[in-house]
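Fold the following.
(one chain, ligands or ions: 1)
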Amino acid sequence: MATIDESREELIAKTAASQRISGERAEILNSGLAANLEMPHPVFIERGAGGYVYDADENEYIDTSVGFGLHMLGHVHPEIEEAIEKRTRLGWMFGIHSTSQMKLANLLHEGSPCAERVVFCNTGSEATMYAFRAARGFSGRDKIALFDGFYHGAHDYGMWMTDPSSSRKAPDVLPMGHGIPGALKDLTLLLPYRNRAAFDLIREHKDELALVFVEGVQSSNPQNNLGGFLGELREVCRECGVLFGIDEVITGFRVAYGGAQERFGVQPDIATYGKVVGGGLPVGAITGRADVMEVFTGLGANRGVFSGGTFSGNPLTMEAGAAALGHLKAHPEIYVDLEAKGARLADSVNGFCEENQIPAQMKQVGSMFHMFFQNGEINSMRDVVSLGSAAEKGFYLHCLNRGVLVPGTQRAFLCAAHSEADVDKLIEVFCGSLKDLQSEGLF
Ligand SMILES: Cc1ncc(COP(=O)(O)O)c(C=O)c1O
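Residues are numbered from 1 along each chain as shown. Now for the predicted structure:
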């Protein structure tokens, strides 16, 4: 049994090198990234290997962040390492097309069910920004419909969150922080997630809507039984003549090789990718129906939209991504294995919470999982009241001190390098930490 204060003290004592780096960094580096824990200093990671990371003091952690979800095969996978090394010997950046691009384009074309065409960019945020632009260019309309609880990246068109005082059936948005132009507010229609009222709103606004856009699985709220909702959404968009897009930045090549599209049997008009597709290097991609994607070529009678970027489709990323997707394609058993490990993890933690009357739960879809520190039904993020609670912060601190890194963004993942013994340790650490929080009176 340990209290949160005891865990914090132990962690501070064993992370002296991180403390030193933190002091140096504070002088020169304004990081926009949220610190993952309530600690006097962040823990700085020096290296990764398989399913583990090691900090500046050589403390080992089971890594459930895996680069915010992108290392599907774990850190420094030998095939990806070899592909990167080979490309660096040949030159890693040319600007114009390289022979590496078609390798990844072919894998995406084949692996993304809606991909008649592919466009590369550098991040998931760029991919969603371009998808919005393509939909606007194609349809001649400006409004994009998004779902409460969404995250589609850091550009101004996606930096909106649900106004908690607004109606559940017709939610309103607030800007996510300062610096987001108020003039953009009317370009977003917020829809209630997993709620049939969304279909009525789409029908009502169909003449203004360029795109209805949804995450394959909301990483803030991973739910398994989405097929019916996504399927109906697809049909309503078709009926209304509005483009339907799935954001596969997290789910692509993760919840199935063919992403959420394959897992839930739904085919959008356009899909966006990032993360796993780059094999650990920065990447974004947009795939979709040929007639929609044609807007990127500029050939479609004045409907051309701009996409570009110095690093888009760079050969180093293309090779790393092709090695990752090539390996995943050749090893479909990885998905079966991760499915079973993810279910075992969630069933064990949820069973423990029930037995011990701990008001916490794990939501899990395949290898994605998310802890919530409350019990009862969670249908959408509107039902989540425990974000930022003392129990949540204490949980991450206990886990880190016991050798498990859970990202402070709450979105956690298993990867192919995590063994059954790692899952055993995750269960032990998660359940032990929850029990300690309960004993300390934090629930
Ligand atoms: C669903 C989704 N879309 C887009 C993004 C943005 O991707 P990036 O961080 O590569 O810009 C993210 C990032 O986590 C995401 O989860």
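
and residue 165, how many neighbours does it have?
Under the neighbour criterion other C-beta atoms under 10 Å, residue 165 is assigned a count of 8. The way it works is simple: take the backbone N, C-alpha and C, and place the C-beta from them, glycine included.

helix, strand or coil for it?
Using DSSP: H, G, I helix; E, B strand; the rest coil, the structure places residue 165 in coil.

Check residue 54 too.
strand.

Check the one 4 residues further on too.
Here residue 58 is recorded as coil under three-state DSSP.

Next, count neighbours for it.
10.

Does the residue lying closest to it once chain neighbours are set aside lie in a helix or a strand, and which?
The spatially closest residue to residue 58, leaving aside those adjacent along the chain, is residue 46, at 7.5 Å (C-beta to C-beta, 6 or more residues apart in numbering). Using DSSP states H and E, the element containing residue 46 is strand 45-49.

May I have the strands that pair with that strand, each with its orientation?
Partners of strand 45-49 in the sheet, by DSSP bridges, are strand 52-55 (antiparallel).

ok so, going back, my guess is the residue nearest to residue 58 meets residue 60, correct?
No. Contact criterion C-beta atoms under 8 Å: residue 46 and residue 60 do not qualify, at 11.0 Å.

Need the overlap of contacts for the two.
residue 54 (C-beta atoms under 8 Å, 6 or more residues apart in numbering).

Is stretch 233-252 in proximity to the ligand?
Yes. Judged by C-beta under 6 Å from any ligand atom, stretch 233-252 comes into contact with the ligand at 247, 249-250.

Give me the buried positions along that stretch.
Neighbour counts over stretch 233-252 (16 or more other C-beta atoms under 10 Å) mark 233-234, 236-237, 240, 242-252 as buried.

Helices along the stretch 251-400 of the chain, start to end?
Secondary structure of the stretch 251-400 of the chain (DSSP state H, counting those that start in this stretch): helices at 259-264, 290-293, 315-330, 333-355, 390-401.

which residues does residue 50 contact?
Counted by C-beta under 8 Å, 6+ apart, residue 50 has contacts 74-76, 417.

quick one, what contacts residue 235?
Applying C-beta under 8 Å, 6+ apart to residue 235 gives no contacts.

That one looks like it's in a helix, true?
Yes. Membership of residue 235 in a helix is supported by three-state DSSP.

Give me the distance between it and the ligand.
According to C-beta to the nearest ligand atom, to the nearest Å, residue 235 stands 23 Å off from the ligand.

can you check residue 219 too?
With C-beta to the nearest ligand atom as the criterion, residue 219 and the ligand are 5 Å apart.

show me what contacts the residue of the stretch 1-150 of the chain found nearest the ligand?
At 2.3 Å from the ligand, residue 124 is the closest residue in the stretch 1-150 of the chain, using C-beta to the nearest ligand atom. Going by C-beta under 8 Å, 6+ apart, residue 124 touches 152-153, 247, 249, 272-275, 284.

okay, the residues you listed in TSV with pLDDT and distance to residue 104 next?
Shown next, in TSV, are these (pLDDT from 0 to 100; distance: C-beta to C-beta, whole Å):
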residue	pLDDT	distance to residue 104
152	97	22
153	96	20
247	98	19
249	98	16
272	98	15
273	98	10
274	98	13
275	98	14
284	98	12
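
Residue 54: which of these is nearest?
Closest approach to residue 54 among the contacts of residue 124 (C-beta to C-beta): residue 275, at 22.3 Å.

and the residue lying closest to that closest one once chain neighbours are set aside, how many neighbours?
Nearest residue to residue 275, sequence neighbours excluded (C-beta to C-beta, 6+ apart): residue 70, at 4.0 Å. The number of residues packed near residue 70 is 26, by other C-beta under 10 Å.

Likewise for residue 52?
18.

can you check residue 116 too?
Residue 116, neighbours per other C-beta under 10 Å, totals 14.

Let me see the contact set for it.
109, 287-290, 293.

what's in contact with stretch 326-346?
72-73, 77, 79-80, 107, 111, 253, 256-257, 276, 362-369, 414-416, 418, 420, 423, 426-427, 430.

try stretch 79-94
73, 100, 279-281, 311, 314-316, 319-320, 322-324, 326-327.

again, but for stretch 164-177
148, 159-163, 182, 185, 188, 190-192, 195, 197, 201, 382.

can you check stretch 6-20 too?
With C-beta under 8 Å, 6+ apart as the test, stretch 6-20 has contacts from 2, 38-44, 55-57, 59, 394, 397-398, 400-401.

got the buried residues for it?
In stretch 6-20, counting by 16+ other C-beta under 10 Å, buried: 7-8, 11, 15, 17-19.

Please apply the same query to stretch 153-168.
153, 157-162.

Which positions in the protein make contact with the ligand?
Counting by C-beta under 6 Å from any ligand atom, the residues of the chain near the ligand are 68, 123-125, 128, 151-153, 215, 219, 247, 249-250, 274.

In helices, which of those residues fall?
Using DSSP state H, the subset of the residues of the chain next to the ligand located in helices is 68, 124-125, 128.

can you tell me which of the residues you listed lies nearest to residue 377?
For these, the nearest to residue 377 is residue 68 (27.7 Å; C-beta to C-beta).

what sits against that closest one?
Contacts for residue 68 (C-beta under 8 Å, 6+ apart) come out as 275, 407, 409, 411.

if I look at it, how far off is residue 408?
In this structure, residue 68 and residue 408 are 11 Å apart, going by C-beta to C-beta, to the nearest Å.
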